[in-house]
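Student: Sharing a model prediction with you, sequence too.
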Amino acid sequence: MIQGVGHIGILVKDINQTIKKFTEALGLPMPSIKDIEEKKMKVAVMSFGEISLEFIEDYSETGPFAKIVRERGNTIHHFALLTDSIEKDIEILISRGVQMVDSVPRIGLRGKKIAFIASDLLDGISIELSEH
């Protein structure tokens, strides 16, 4: 069952530069930046109460996030809905005719089970299901 909004995913060209500017401007502590070498991505999470901002840099040449950033610059990519039963929620969504990018959950950048709903549900906005 959907529990609420977990985070907003923001794609960035240079995570170090973006995080530095953001934290300095708002007087916030610098979060750790995790390098996920096998996916050629870096991620930093900043929590604000119950919602987090997830900054993602895709430093590959051909990755889908790198392509989006080249076309649009830094941009909000998705929001994540927290679920206590991701498999069941995927099953319910599919039974309602919702197209899924991931019909089977996979492990996301933060080590949690995730699944994306096809972005056509909200005319181009991506929605991630994330088990907490």
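Tutor: Structure received.
Student: list the contacts for residue 22?
Tutor: When the contact criterion is C-beta atoms under 8 Å, 6 or more residues apart in numbering, the partners of residue 22 are 28, 46. Bear in mind the C-beta positions are built from the backbone N, C-alpha and C, glycine included.
Student: Does it belong to a helix, a strand or coil?
Tutor: Recorded secondary structure, residue 22: helix (DSSP: H, G, I helix; E, B strand; the rest coil).
Student: For residue 35, give me its contacts.
Tutor: Residue 35 sits next to 41-42 when contact means C-beta under 8 Å, 6+ apart.
Student: correction: residue 89
Tutor: Going by C-beta under 8 Å, 6+ apart, residue 89 touches 1-2, 83, 129.
Student: of those residues, buried ones?
Tutor: Buried positions within those, assessed by neighbour count (16 or more other C-beta atoms under 10 Å), are 83, 129.
Student: Take the contacts of residue 89 and keep only those in helices.
Tutor: Judged by DSSP state H, these include no members of helices.
Student: Using TSV, lay out the contacts of residue 89 together with pLDDT and distance to residue 50.
Tutor: Listed next are these as TSV, based on pLDDT from 0 to 100; distance: C-beta to C-beta, whole Å:
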residue	pLDDT	distance to residue 50
1	88	16
2	91	14
83	97	15
129	97	17
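Student: Pick the one among the contacts of residue 89 closest to residue 63.
Tutor: For the contacts of residue 89, the minimum distance to residue 63 (C-beta to C-beta) is 21.4 Å, reached by residue 129.
Student: Would you enumerate the residues in contact with the residue nearest to the closest one when sequence neighbours are not counted?
Tutor: Taking C-beta to C-beta, 6 or more residues apart in numbering as the measure, residue 129 lies nearest to residue 115, with 4.8 Å between them; neighbours along the chain are not counted. Contacts for residue 115 (C-beta under 8 Å, 6+ apart) come out as 86, 90, 100-106, 128-129.
Student: Check residue 51 too.
Tutor: 5-8 are the contacts of residue 51 under C-beta under 8 Å, 6+ apart.
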